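In: Got a predicted structure plus its sequence, pasted below:
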Amino acid sequence: MTTQERLEALKREKTPYSTEELDRRGWTRYQEIRAELEDQHRGEYVAIEVDSGAYFLGKTPEEAFAQAEKSCPGKVFYLVRIGYKAAHKLKKA
């Protein structure tokens, strides 16, 4: 499954959190581990499980999600590209 397909599937899944709450929880945890990650993993991706704060690294979003889902199946994750404000840039064609 491509990253785009996974993102679309995630949008259809129900979570116990609003988008705002998911963003708040994920971004708060990222801020806690940011310095550690940016030092050695800038440009890679981190998937953060928003309940426990566990995080999973990957060189691609797919790698980070695969590790996260293997360790925490059925959980909700927040994806960040380490050292950037967003995981992906979206623009109108």
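Out: Done, it's in. Because the structure is predicted, anything quoted here is derived from the model rather than measured.
In: Could you measure from residue 74 over to residue 55?
Out: Distance, residue 74 to residue 55, using Cβ to Cβ, to the nearest Å: 17 Å. Backbone N, C-alpha and C define where each C-beta goes, glycine included.
In: The two: who's more crowded?
Out: More crowded of residue 74 and residue 55, by other Cβ atoms under 10 Å: residue 55, with 21 against 6.
In: Hmm, residue 47 and the more buried one touching each other?
Out: Yes - using Cβ atoms under 8 Å, residue 55 is in contact with residue 47, at 6.7 Å.
In: Determine the residues that are contacts of both of the two.
Out: residue 68 (Cβ atoms under 8 Å, 6 or more residues apart in numbering).
In: Flag every buried residue along stretch 63-82.
Out: Within stretch 63-82, the residues that count as buried by 16 or more other Cβ atoms under 10 Å are 64-66, 68-69, 72, 76-82.
In: same deal with stretch 46-59?
Out: By neighbour count on 16+ other Cβ under 10 Å, the buried set for stretch 46-59 is 46, 47, 48, 49, 50, 55, 56, 57, 58.
In: quick check, nearest of those residues to residue 31?
Out: Using Cβ to Cβ, residue 48 is the member of the buried residues of stretch 46-59 that lies nearest residue 31, at 10.8 Å.
In: so which strand or helix has the residue positioned nearest the centre of the chain?
Out: Here the mean C-alpha position of the chain is nearest to the C-alpha of residue 79 (Cα atoms, centre = their mean), at a distance of 1.4 Å. Residue 79 is part of strand 77-81 when elements are defined by DSSP states H and E.
In: Parallel or antiparallel, list what pairs with that strand.
Out: strand 45-49 (antiparallel) (DSSP bridges).
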